[in-house]
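Participant: Sequence first, then the predicted structure, then my questions.
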Amino acid sequence: MAYTPQAVPEEQFRAYETYIKRLEAYAREHPFAYRVRIRLLAALGHAYLFLWLGIFIALCLSLIVIVSQGSRPPGRTVSALEVGVLLGVFALFIGKALWIATPPLEGGIELSRADAPSLFALIDKMCGELSALPIEAIYLHEKFNAGVFQYRRKGFMRGYANRLALGFPLMLALSPAQFRAVLGHELGHLSRQNSYFRHRIYQLRSFWWSLYDDLTRSPSVLTRLIFGTFYRWYVPFFSAYTFAFARADEYDADRASVELTDVETAGSALVQVFVADSWLRQEFWEPLHKEVYYSPEPPSNLFERVAETLNRPIPRAEAILWMDIAVRVKTDYNDTHPAMAERLAAIGYSTEDYLKSLDKRSAPIDSAAKVYLGEQLTGLTRLLGVHWAQEAERSWEEGFADAQEDISLLQGYHVRRESLRTDEVISFARLLEKYESEEEAYPIYKQAWEADTYNPEANFHLGRVLLRVKDERGVAYLERAMQYDSDAVLPACRLLFVFCMDAERVEEANLYRRRYLGAVSLYEQAHEERVRVRPTDVFLPPELAGQMLEGLSAQLQSVGVIKEAYLVRKQVKFLPERAFFVLLVDIELPRDQAARESLLRRVKRSLEAQLDFPFEWQLLNAYQQTPNESL
């Protein structure tokens, strides 16, 4: 079963996108007027809060006057205590609304100047060169990214301070020069020129959405009526209006990176971050997840092993494929960061430059972590690993418990080895490879292939195993797998490209590279076609076996709150052999919006976890989606 996430309605998304494009053009042509409008728009949001603050204070003062003069409304006694409680409750609400709190960093450890004097010295020097606001705190965390944040200092009217969050794997993956380029981008956001204004806008974007969520979920009808009505219009409008400003700031930050290093270093750093992160996911995180099957406790030496993986050079063929994927991503309006290709073009760096840098690689270069963390590197590596193990302990235990079911099934296959059905043979081979070894799985894949030479999965796994030991016969198996199953094209072309590059068969490798990129494009189009369901789409009967429909109906009835359900098949242009279904459910929803959203989330989670349906599908709610008329 594959669940396709529900997306923003097409018409709303296109209108949002068109509006931002117009604003980007206006911001380029009239930068001063655009900034003035942003200031006025930000003031409007606060003015509405202060307006109601004034109204409520006036009401409370009127009550105080009534109490002090001894007047009472007919049949009602108003005490000074009641007035004080009213003032206090409202003061808390307004205070919460007007206070922009910086969320705490999840995980990680704070570094002192004694912990990393070289790192602090580098950042102080770079801040001076950029005339950037100083960094007052550095946090080292476990993710593959970096970022700057502002937070309020403790105490009254003490202003803001800046903190820098650095991913430890990122420092392990980059050379010192590339790391300086990444720091240049982040510190570029703190340039003194308009720095406060920039970060104020970033903070307000987060703040208004947080307030919007609080208001829409509030159980108070009065709160939703007074504030919800206005901010349901204001918050999306403010976010869209400031989008162009936030995106322009990203380009400015990239220019700061080039200013502190050079075009080649800044460009290679941008690509290397994506390539190294992808490589680490493939070579480290995916194999690591298999370890949960053997031990109920997560490893505590995680980052020593991350460092070992990143110390190995990334094969040129793998780097090329990851680079291809990075530059194919298009700029969209879900993120203020421009796409990789546009960022590289803006600083004058090309993918050919990156390929040349791969060709010039010689001896390994010390990582940024080794250079700038110095003697503390070993201790910090161990400390972060222990922290990660503590955080992962619960999920690791759950994964270990789930794996015992697979191991029990594998033992049963061993017992019935000579009498397994063809589908069971494939399952047996997968479990052998997962829990024992590739060598043990190979003859079982071969057995499945001999029983059905057209089986795409058997062909794929035989080819994969053979290519791993540089056996040319694997090429034919993978070609057959791609012929019988379109889902095999992406992984098979990747394996064939790497194999041919290693064998210095460059021309043949480039054929597989082009085929791989064509498949990527096809899958992107198929995903776009499936992620949005429109009233103008063509819907067909499901054409499923009666037994499957009966089983699906029984599963839906077990959810309880679903009154009616309708299943249709959407007609698709891309990858039509992969059927895509739309499940429309009629749910009796409570009147309260917070309760209604909570119920819908529970239903979606329940269906995603329990529905035994071997096709791609999307869930729509009849009360909220326009396509129900077509369905």
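Facilitator: Perfect, thanks for sending it. Source: prediction; values computed, not measured. Residues are numbered from 1 along each chain as shown.

Participant: switch to C-alpha atoms for all contacts and neighbour counts from now on
Facilitator: Noted.

Participant: What residues does the closest residue to Leu190 other than its chain neighbours make contact with?
Facilitator: Counting by C-alpha to C-alpha, 6 or more residues apart in numbering, Leu190 lies nearest to Ala132, which is 5.1 Å off, once chain neighbours are set aside. Counting by C-alpha atoms under 8 Å, 6 or more residues apart in numbering, Ala132 touches Leu187, Gly188, Leu190, Ser191, Arg192.

Participant: any idea how far the nearest residue to the fourth one once chain neighbours are set aside lies from Val148?
Facilitator: Counting by C-alpha to C-alpha, 6+ apart, Ser191 lies nearest to Ala132, which is 4.1 Å off, once chain neighbours are set aside. In this structure, Ala132 and Val148 are separated by 12 Å, where distance is defined by C-alpha to C-alpha, to the nearest Å.

Participant: Mind listing the shared neighbours of the two?
Facilitator: In contact with both Ala132 and Val148: Leu187, using C-alpha under 8 Å, 6+ apart.

Participant: C-terminal to the strand or helix carrying Ser521, what's the next element?
Facilitator: Element membership for Ser521, per DSSP states H and E: helix 506-531. Counting by DSSP H and E, the next helix or strand C-terminal to helix 506-531 is strand 539-540.

Participant: Residues contacting the helix or strand that that next one is followed by, please?
Facilitator: Using DSSP H and E, the next helix or strand after strand 539-540 towards the C-terminus is helix 546-557. Contacts of helix 546-557 with the rest of the structure, by C-alpha under 8 Å, 6+ apart, involve Ile562, Ala565, Leu607, Gln610, Leu611, Asp612, Phe613.

Participant: same thing but at 10 Å, please
Facilitator: Residues outside helix 546-557 that contact it (C-alpha atoms under 10 Å, 6 or more residues apart in numbering): 542-543, 562-567, 585, 606-607, 610-613.

Participant: got the CA coordinates for it in PDB?
Facilitator: Taking C-alpha atoms only, helix 546-557 is exported to PDB below (Å, rounded to 0.1, in the frame of the first residue of the first chain):
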ATOM      1  CA  GLY A 546     -15.200  -8.400  -5.500                       C
ATOM      2  CA  GLN A 547     -13.300 -10.200  -2.700                       C
ATOM      3  CA  MET A 548     -10.800  -7.300  -2.500                       C
ATOM      4  CA  LEU A 549     -13.600  -4.700  -2.300                       C
ATOM      5  CA  GLU A 550     -15.400  -6.700   0.400                       C
ATOM      6  CA  GLY A 551     -12.200  -6.800   2.400                       C
ATOM      7  CA  LEU A 552     -11.700  -3.100   1.900                       C
ATOM      8  CA  SER A 553     -15.200  -2.300   3.000                       C
ATOM      9  CA  ALA A 554     -14.800  -4.400   6.200                       C
ATOM     10  CA  GLN A 555     -11.600  -2.600   7.000                       C
ATOM     11  CA  LEU A 556     -13.300   0.800   6.600                       C
ATOM     12  CA  GLN A 557     -16.200  -0.200   8.700                       C
END
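
Participant: would you list every one of the helices in the stretch 301-450 of the chain?
Facilitator: In the stretch 301-450 of the chain, the helices defined using DSSP state H, counting those that start in this stretch lie at 302-311, 316-328, 340-347, 351-359, 368-373, 377-415, 422-435, 438-451.

Participant: With mean pLDDT and mean neighbour count as new columns, can those be given to me in JSON lines?
Facilitator: Below are the helices of the stretch 301-450 of the chain laid out as JSON lines (pLDDT from 0 to 100; neighbours: other C-alpha atoms under 10 Å):
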{"stretch": "helix 302-311", "mean pLDDT": "92", "mean neighbour count": "17"}
{"stretch": "helix 316-328", "mean pLDDT": "88", "mean neighbour count": "18"}
{"stretch": "helix 340-347", "mean pLDDT": "93", "mean neighbour count": "17"}
{"stretch": "helix 351-359", "mean pLDDT": "81", "mean neighbour count": "14"}
{"stretch": "helix 368-373", "mean pLDDT": "94", "mean neighbour count": "20"}
{"stretch": "helix 377-415", "mean pLDDT": "87", "mean neighbour count": "16"}
{"stretch": "helix 422-435", "mean pLDDT": "85", "mean neighbour count": "19"}
{"stretch": "helix 438-451", "mean pLDDT": "88", "mean neighbour count": "18"}
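
Participant: so how many other residues sit close to Arg255?
Facilitator: Counted with other C-alpha atoms under 10 Å, the neighbours of Arg255 add up to 21.

Participant: I misspoke; the intended subject was Glu375.
Facilitator: With other C-alpha under 10 Å as criterion, Glu375 counts 12.

Participant: ok, it - contacts?
Facilitator: Asp115, Ala116.

Participant: right, and Ile135 touches Leu122 too?
Facilitator: No. Assessed by C-alpha atoms under 10 Å, Ile135 is found out of contact with Leu122, at 11.2 Å.

Participant: More neighbours: these two, which one.
Facilitator: Under the criterion of other C-alpha under 10 Å, the comparison of Ile135 against Leu122 puts Ile135 first, with 19 against 14.

Participant: Can you tell me, leaving aside adjacent residues, what's nearest to the more buried one?
Facilitator: Of all residues not flanking Ile135 in the chain, Asn162 sits nearest, at 5.1 Å (C-alpha to C-alpha, 6+ apart).

Participant: Format the CA atom coordinates belonging to whichever strand or helix holds that neighbour as CSV.
Facilitator: Counting by DSSP H and E, the element that carries Asn162 is strand 160-167. Extracted C-alpha coordinates of strand 160-167, given in CSV (Å, rounded to 0.1, in the frame of the first residue of the first chain):
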residue,chain,number,x,y,z
TYR,A,160,18.2,39.9,20.8
ALA,A,161,21.3,37.6,20.7
ASN,A,162,22.4,35.4,17.8
ARG,A,163,23.1,31.7,17.9
LEU,A,164,24.6,29.4,15.3
ALA,A,165,23.6,25.7,15.0
LEU,A,166,26.1,23.4,13.3
GLY,A,167,25.4,19.9,12.2
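
Participant: Return the set of buried residues in that strand.
Facilitator: Residues Ala161, Asn162, Arg163, Leu164, Ala165, Leu166, Gly167 are the ones in strand 160-167 that count as buried (16 or more other C-alpha atoms under 10 Å).

Participant: Would you check those and say which has the weakest pLDDT?
Facilitator: When those are compared on pLDDT, Ala161 comes out lowest, with 73.

Participant: how close does it sit to Ala42?
Facilitator: Ala161 is 22 Å from Ala42, by C-alpha to C-alpha.

Participant: before we move on, what about Lys604?
Facilitator: Counting by C-alpha to C-alpha, the gap from Lys604 to Ala42 is 36 Å.

Participant: More neighbours: those two, which one.
Facilitator: Per other C-alpha under 10 Å, whichever of Lys604 and Ala42 has more neighbours is Ala42, with 19 against 15.

Participant: Low-confidence ranges, the stretch 51-200 of the chain, go.
Facilitator: Applying pLDDT under 70 to the stretch 51-200 of the chain picks out residues 63-64, 66-107, 150-160, 192-196, 198-199.

Participant: Tell me where it has helices.
Facilitator: 80-98, 117-130, 168-173, 176-188, 195-217.

Participant: How about stretch 31-39, which residues are buried there?
Facilitator: Neighbour count says stretch 31-39 has Tyr34, Ile38 buried, by 16+ other C-alpha under 10 Å.
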